[in-house]
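K.L.:
Output the structure for:
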Amino acid sequence: MEPDIAPEVLRDWAERIDAGPFSSLCFGERVAFDNPDALTLLGAVAAWTRRVRIATTVVVPQLHDPVHLAKALATGDRLSGGRLSVGLGVGGREEDYAAVSADWSSRTMAGMAERAATLRRVWNGENLTGATRPVGPRPVRPGGPELLVGTLGHRTTRHAARWADGVAGMTLDVDVEGTAALFDVARAAWAEAGRPAPRLTTSFWFALAETSPDPRRQIHRHLRHYMNWLPADLVDALAPTAGFAGTLEELRVVLDRFAAIGTDEVQLIPTSDDARQVDLVAGLLDRIG
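P.N.:
Okay, the predicted model is just below:
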């Protein structure tokens, strides 16, 4: 989501992440913005990597025809050898809906659940179109990639227990206690629904003192670009406490706290294209195991 990112920079990051100890390479979707298209990028990342899980955090299904989305995601899953994890969210930007003539009123959990069901039906080989053959290709894993609900809310989490395999969360201000509460809601909701224990992930923006003379200012600059649909004064009010700004050792302490609440994966959202961050965090992960 940084501005003016060249393809070779994206490939460099992907290859470094794939070579490191990381569990996932993640990217999200926006339409009315200057980032790469998420589904096109999925194909490129599948070709650039061999090992790492590829996670969409998140795709907004209401911005797509659900059958076509199922085909695109299944293609990415096959190209990556079954390494795809799909985060789905309703999105919070009306301009993205308007850009593709999507109905803003469809931005509901019921609408997302309906589209998730369509993805699964297509991936299971059902013929939903009346064509001579069902829409393919079939994903690598029977039933398709895991589906995670992208949310910060307890109510949304409870609703998603009926169809999601877990939670693709985010914490704006690295709130470990708040994340723990969300995960407790998820565990209870999945158990009540008779589902297997959910996969629990969270994410936050970060900037390192080792690569930036002013990591807090780096995050602020990034948010001014990324959160361009909001009034600048709101972004400026959020920036002083948003994400993590500090040293590698301080990041280690934060990651340990998330591990202690049972987080399956923490996804670090970069606020600079400096690839040294990848190598430094890789070194940290190697040290702490």
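K.L.:
where along the stretch 101-250 of the chain do the helices fall?
P.N.:
109-123, 154-160, 176-192, 215-226, 232-238, 248-260 (DSSP state H, counting those that start in this stretch).
K.L.:
and the longest one, what does it pack onto?
P.N.:
Helix 176-192 makes packing contacts with helix 154-160, strand 166-168, strand 199-208, helix 248-260 when contacts are defined by 3 or more Cβ pairs under 8 Å, 6 or more residues apart in numbering; DSSP states H and E. Bear in mind the C-beta positions are built from the backbone N, C-alpha and C, glycine included.
K.L.:
Just say which of these is most tucked in.
P.N.:
Stretch with highest mean neighbour count among the helices and strands packed on helix 176-192: strand 166-168 (a mean of 28; mean count of other Cβ atoms under 10 Å).
K.L.:
helices and strands around that strand, which ones?
P.N.:
Using 3+ Cβ pairs under 8 Å, 6+ apart, the elements in contact with strand 166-168 are strand 53-59, strand 146-150, helix 176-192, strand 199-208.
K.L.:
which one of the ones you listed lies closest to R133?
P.N.:
Among the helices and strands packed on strand 166-168, strand 146-150 comes nearest to R133, with 24.3 Å by Cβ to Cβ.
K.L.:
How about residues contacting the closest one?
P.N.:
55, 57-58, 85-89, 112, 116, 119-120, 156-157, 160, 163-170, 199, 201 (Cβ atoms under 8 Å, 6 or more residues apart in numbering).
K.L.:
picking up where we left off before, dump the helices and strands packed on helix 176-192 into a markdown table; add mean pLDDT and distance to D233 as well.
P.N.:
Output for these, formatted as a markdown table (pLDDT from 0 to 100; distance: least, Cβ to Cβ, whole Å):
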| stretch | mean pLDDT | distance to D233 |
| --- | --- | --- |
| helix 154-160 | 96 | 28 |
| strand 166-168 | 98 | 29 |
| strand 199-208 | 98 | 19 |
| helix 248-260 | 97 | 28 |
